[in-house]
Structure formats: C-alpha cells, structure tokens
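>>> below is the sequence, then the predicted model.
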Amino acid sequence: LQSSLHLPPLSIYTFSPVARTAAISSILSSTNMADFDAIYEDQDENSSILEAPNISLTPDPVVIRGAGNITVFGLSNRFDTDFPNLLHSRVAPEEFKATVTRVNVTLRKTLPVNVRWLLCGCLCCCCTLGCSMWPVVCLSKRTRHQLEKQLDWENCHLYSKLGLKWKLARQRCDSSLMMEHVLLVEFVPKQNLFKPD
C-alpha cells in the first residue's frame, strides 16, 4: 500500500490514531483520484486456456487391413471383420461388421473381373506395348471410387453422428515397401465450445 500511494516513511504512523487518520486522509486527497476509477483487466487462468493454440486430443485412426488372398494394385479382395478394441465405446460391433461386410460384398463383385483383365493384360503386354494394362488400371480406379462413395454414404447416414469418419487410404505394408489400400476409421475432433468466435 505504501509503494502504490507514495506514502511518507513509516515513522509517521507511530502517532495517535487521530493523527494517523488525518495524515492518511490528507495523503489520499492529494493523490490522483482517476486511479481509483480506472478499471484494470484481470488476467485469470481461463484466459490462458482460451488463447492456447488448438491442441487436438483425438486418438490415432483405427486401421483395418486387407485380409484376403488376392490383391490387385494394392486393393485386397476382403477386409477383416474383427471388431477393434478402440471402437468399443463409439460404435456397436454389429454396425461395424455390417459396414465391413458391405465393403467386402462390393470387392467380391468387382475384383474377380479386375483379376481376369489383369491376366489378359499381362499375356498381351508384349504385343500391345503395355496398352493392354489400361483396362485393369481403369477398373481398379472405378472400384476404389465405388468404395469411397459407399464409405461416404455410411459416414453421412451413421458415423458422422457418432464422431467417426471412414475412408479408404493408402499405407505402406508392414512387411515390405509395397503400398496397400486400408480402411481408416478416424475420430472427428469435437468443437471447442469455450473458444470465442
């Protein structure tokens, strides 16, 4: 108090209470009264939380690898339907299995045709200077596009409400340098309600 009000040394306060009160009132009347009316912004603990950068606390996505015996351009003919432990409190095992089964049905319809075209393209590759491989590339791209559309439909109808997002992604295989297509189940981060607009 003494340093903020520029008070005289402490020896003045050894007088009687009446003299002390008179001295304090004369000092306060001589200070700038504008300081008493000023409003200072208080820095509290929550302001540092609000100003902190966006820190995402979402877990890593769940990876569902191909479990089939045929792979064409990194796309397996079947995905594993085992329920991952990370999704226990997020989605029912029946819904998860139904989604993977629908993806597997699409792969079961399209990949045998891709394999036939791949065999024909390999047999005729020397005669056509590699042009016979184009149908396989186009069919594989169409299969991936079908799967992406199917996963988008699943996301719109069920998983976006649960805070999840399915997508088809390319990742490096664990055992080799080859790339493979996997299903990723990503956790959508929740909106920060405490951060102002």
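That came in fine, so what should we check first? Numbers count the residues shown, from 1 in each chain.
>>> alpha carbons only: can I get stretch 130-149 in PDB?
Coordinates of each C-alpha in stretch 130-149 appear next as PDB, following Å, rounded to 0.1, in the frame of the first residue of the first chain:
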ATOM      1  CA  GLY A 130       1.700 -52.200 -72.300                       C
ATOM      2  CA  CYS A 131      -1.500 -50.700 -73.600                       C
ATOM      3  CA  SER A 132      -3.400 -53.900 -72.600                       C
ATOM      4  CA  MET A 133      -2.900 -52.900 -68.900                       C
ATOM      5  CA  TRP A 134      -5.100 -49.800 -69.200                       C
ATOM      6  CA  PRO A 135      -8.400 -51.600 -68.700                       C
ATOM      7  CA  VAL A 136      -7.100 -53.000 -65.400                       C
ATOM      8  CA  VAL A 137      -6.000 -49.600 -64.200                       C
ATOM      9  CA  CYS A 138      -9.400 -48.100 -65.100                       C
ATOM     10  CA  LEU A 139     -11.300 -50.900 -63.400                       C
ATOM     11  CA  SER A 140      -9.200 -50.600 -60.300                       C
ATOM     12  CA  LYS A 141      -9.800 -46.900 -60.200                       C
ATOM     13  CA  ARG A 142     -13.600 -47.500 -60.600                       C
ATOM     14  CA  THR A 143     -13.500 -50.000 -57.700                       C
ATOM     15  CA  ARG A 144     -11.800 -47.500 -55.400                       C
ATOM     16  CA  HIS A 145     -14.300 -44.800 -56.400                       C
ATOM     17  CA  GLN A 146     -17.200 -47.200 -55.600                       C
ATOM     18  CA  LEU A 147     -15.700 -47.900 -52.200                       C
ATOM     19  CA  GLU A 148     -15.200 -44.200 -51.500                       C
ATOM     20  CA  LYS A 149     -18.800 -43.500 -52.400                       C
END
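>>> and the contacts of that stretch?
Contacts to stretch 130-149, defined as C-beta atoms under 8 Å, 6 or more residues apart in numbering, come from residues 72-73, 75, 103, 106-107, 110-111, 113-114, 117-118, 120-125, 167-168, 181. Any C-beta I mention is one placed from the backbone N, CA and C, and that applies to glycine too.
>>> buried residues, that stretch. List them.
In terms of neighbour count (16 or more other C-beta atoms under 10 Å), stretch 130-149 has its buried residues at 132, 133, 135, 136, 139, 140, 143, 144, 147.
>>> please work out the average pLDDT along it.
For stretch 130-149, the mean per-residue pLDDT is 88.
>>> quick one: contacts for residue 106?
Contact analysis of residue 106 by C-beta under 8 Å, 6+ apart lists 143, 146, 147, 150.
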